[in-house]
Every structure is written in C-alpha cells, then in structure tokens.
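K.L.:
Sequence and predicted model, in that order:
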Amino acid sequence: MSILILAEHDGKHIKQSTRQAVTAAGAWQLPIHLLVIGANTADIAAQAAGIAGVAKVLQADADHFAHPLAEDVAALLVQLGKDYKAILSAHTAFSKSVLPRVAALLDVGMVSDAISITAPATYVRPIYAGNVLATVESSDAIQVVTIRATSFVAAADGGNAEVAATAVPAPTGLSRWIKEDKNVSDRPELSSARVVVSGGRSLAERFNELLEPLAHRFGGALGATRAAVDAGFAPNDIQVGQTGTIVAPELYFAIGISGAMQHLAGMKDSKIIVAINHDPDAPIFQYADYGLVANLFDAVPELTTALNQ
C-alpha cells in the first residue's frame, strides 16, 4: 500500500503546500506517490519527481485538465484511490472542493485540516477557531485527509522518483470552466510567505499606502482582517483568519488589528508576531512577541523609513 497526494501547482511550479503534504505523509512510513494534474505538465512532473521522499509521480495530462474542475479531478482520484492506504492533500480551496467528493464516492469519511498525524489512522485537528484540539480516529479502509500545511515543514529537493502517465477518465460534464480573474502580483503567495504584513479596518483608505512599502521592504505578502475585507479596504484573497488563509510565517506584522479570535486562528502560529495598536488593552498584545502602543498612522511610516535607511 502507498499514500497518494494530490499535488497543486500554478502551471510553472509545485506549490509549497504540496511539499508540506509530502512531509505529513511521511507519518505512514509508506511509499508516497504524487498525482500531478493538468495539461502539458512534463516540467511540473519533473519538479515533483525531485522532491525528497516521493517514490513515484503519476502524471495525468489531458486537455480538460488545463483548467481542472472538482468533479473531473474527483473522478480520477476515485479511479486511482482504491489502491491506496490514504489520499492526502493540503487544506486549500481546491482540495476542499475535491476531496469531500472523493470521500463520498468512495463511501468513506474524511478528516480535514489535520495538524498532526499518527499512523495509521489518528489525527489531531483544531476546532472552535483553534481553541480546542480534537483527536480523531478513523476506521475507514481508505483515509481521505487534508492537512494544515503550515503545521508541517516543506520537503526539500533531492529525490529521483519515477514519472508514469496515468489513464484519465472522460470529462463528467457536470460543470464547465468559463473564465478566471486573477490578481497578478510580484509578491509571494500569502500562505507560503516568510513575512506577512497585515492590517485591520482602522487603516481605512490608507491600507495600501501604509502597508505596501513595509511589505516591499521585507519582500513579504500583504494580509488583512475580515473586517478590513468586508469594509472594502482589501481584497478577500488576502484575508487571514479562520474563514480566510491560515499563515505561519517567520515574521507577522499585525497593524491596527485588535486580535479577534477569527483572525488569531489564522496567524497565531507565526514564529514572531509584531503588533502595532493604539489600544494598550488590545487582545493581540497577549500573543505578540513585540508590541508597540502608538498611533499607527505615525508609527508605520516611521518604521518603514527607519528600515530603509
């Protein structure tokens, strides 16, 4: 038996979360296979084959996978999955759409957002916005699991896995791809950035004006609270929190963020947290490694200027 990981990529590179899923799959101490889905994915498959710990790469190339749809990917995973001990992926928007379908079609349960795995079938996952950790044990013959990528170290290069083409089922026709709109940025992806600079609603219309220079100084990503997103000061794809992206960067700036539990659930595992807030009683200071009580409209520009000198 082996472990099958649904790999994610942007068409050019394997995503960091897939490397972290490889590390998580090591808990079973079984051969790890990566499934690469797409069109013209030879370069991606070669990258996957170079990840340490990967024994085999299954390359599913098809025209209808140029823009993979959840129903079609699920059909492929069901076709392959019966030969595996576990089907695993990072807890991303794409996998959260695909893997529940797979579990239903295989008539097994699913464990989501696992932060720890004890083989063969015991998992720890956060509930109640991370305030409680639940230990879950599954008795299903095939384990279907998503993992919180930030809880695992990314697997390094150094592998030399076999790459094999796999048969692809015909499109299900249950849905169709129309178009996609992307925010193109030269900043790193929020979920894998080493530095994240996040702001709250109090920044108002000056959100980008104040935070972008600081993020640029560190080569970091921008983040935002749900309140800032709901108020229209930041796009929803940079929301950090329980209902947004879970991050655990080396350095996290919480600027004008009070520390609501919804937001803390998405960033409290950051290695170093720096908080800037005018309210000395803001809950964020209980989690911050460094805190500055100050007017952020003065403090942030001063900090950025000092760092650029």
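P.N.:
Right, received. Where do you want to start?

K.L.:
can you map out the strands along the stretch 101-250 of the chain?
P.N.:
111-114, 116-118, 122-127, 132-137, 143-147, 162-165, 195-199, 221-224 (DSSP state E, counting those that start in this stretch).

K.L.:
can you tell me which of these comes nearest to Ala103?
P.N.:
In terms of C-beta to C-beta, the element of the strands of the stretch 101-250 of the chain nearest to Ala103 is strand 143-147, at 4.2 Å. C-betas here are computed from N, CA, C, even on glycine.

K.L.:
got a pLDDT number for Ala215?
P.N.:
At Ala215, the model reports a pLDDT of 95.

K.L.:
Identify the residues contacting it.
P.N.:
Taking C-beta atoms under 8 Å, 6 or more residues apart in numbering, we find Ala215 in contact with 187, 195, 197, 221-222.

K.L.:
Lys179: how many residues sit nearby?
P.N.:
5 (other C-beta atoms under 10 Å).

K.L.:
How about the contacts made by Leu35?
P.N.:
Counted by C-beta under 8 Å, 6+ apart, Leu35 has contacts 4-7, 57-58, 60, 76-77, 80, 166.

K.L.:
ok, of the contacts of Ala215, which one's closest to Val145?
P.N.:
Ala221 (26.6 Å).

K.L.:
tell me the contacts of the spatially closest residue to the closest one that is not a sequence neighbour?
P.N.:
Once flanking residues are discounted, Ala221 sits nearest to Ala193: 3.7 Å by C-beta to C-beta, 6 or more residues apart in numbering. Going by C-beta under 8 Å, 6+ apart, Ala193 touches 187, 220-221, 247, 249.

K.L.:
Which members of those are classed as buried?
P.N.:
Those of the contacts of Ala193 that meet the buried threshold are 187, 220-221, 247, 249, by 16 or more other C-beta atoms under 10 Å.

K.L.:
Can you list which of those are found in helices?
P.N.:
Among these, no residue falls in helices (DSSP state H).

K.L.:
Closest one to Ala24 out of those residues, please.
P.N.:
For the buried ones among the contacts of Ala193, the minimum distance to Ala24 (C-beta to C-beta) is 17.3 Å, reached by Val247.

K.L.:
wait, doesn't that closest one sit right on Arg194?
P.N.:
No. If you go by C-beta atoms under 8 Å, Val247 and Arg194 don't touch, sitting 10.4 Å apart.

K.L.:
Helices - which of the contacts of Leu35 land there?
P.N.:
76-77, 80.

K.L.:
TSV for these, including neighbour count, pLDDT and distance to Ser139?
P.N.:
Converted to TSV, the ones in helices among the contacts of Leu35 look like this (neighbours: other C-beta atoms under 10 Å; pLDDT from 0 to 100; distance: C-beta to C-beta, whole Å):
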residue	neighbour count	pLDDT	distance to Ser139
Leu76	23	97	26
Leu77	26	97	21
Leu80	17	95	22
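
K.L.:
Which one of these is nearest to Val145?
P.N.:
Leu77 (12.7 Å).

K.L.:
want to throw the contacts of Ala193 into JSON lines with pLDDT and distance to Phe233?
P.N.:
Formatted as JSON lines, the contacts of Ala193 follow (pLDDT from 0 to 100; distance: C-beta to C-beta, whole Å):
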{"residue": "Arg187", "pLDDT": "82", "distance to Phe233": "17"}
{"residue": "Gly220", "pLDDT": "95", "distance to Phe233": "18"}
{"residue": "Ala221", "pLDDT": "95", "distance to Phe233": "16"}
{"residue": "Val247", "pLDDT": "92", "distance to Phe233": "19"}
{"residue": "Pro249", "pLDDT": "94", "distance to Phe233": "21"}
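
K.L.:
For Lys271, state which of those residues is nearest.
P.N.:
Using C-beta to C-beta, Pro249 comes nearest to Lys271 of the contacts of Ala193, at 7.1 Å.

K.L.:
That closest one and Met267, how far apart?
P.N.:
For Pro249, the distance to Met267 equals 8 Å [C-beta to C-beta, to the nearest Å].

K.L.:
Show me the common contact partners of the two, please.
P.N.:
Val196.
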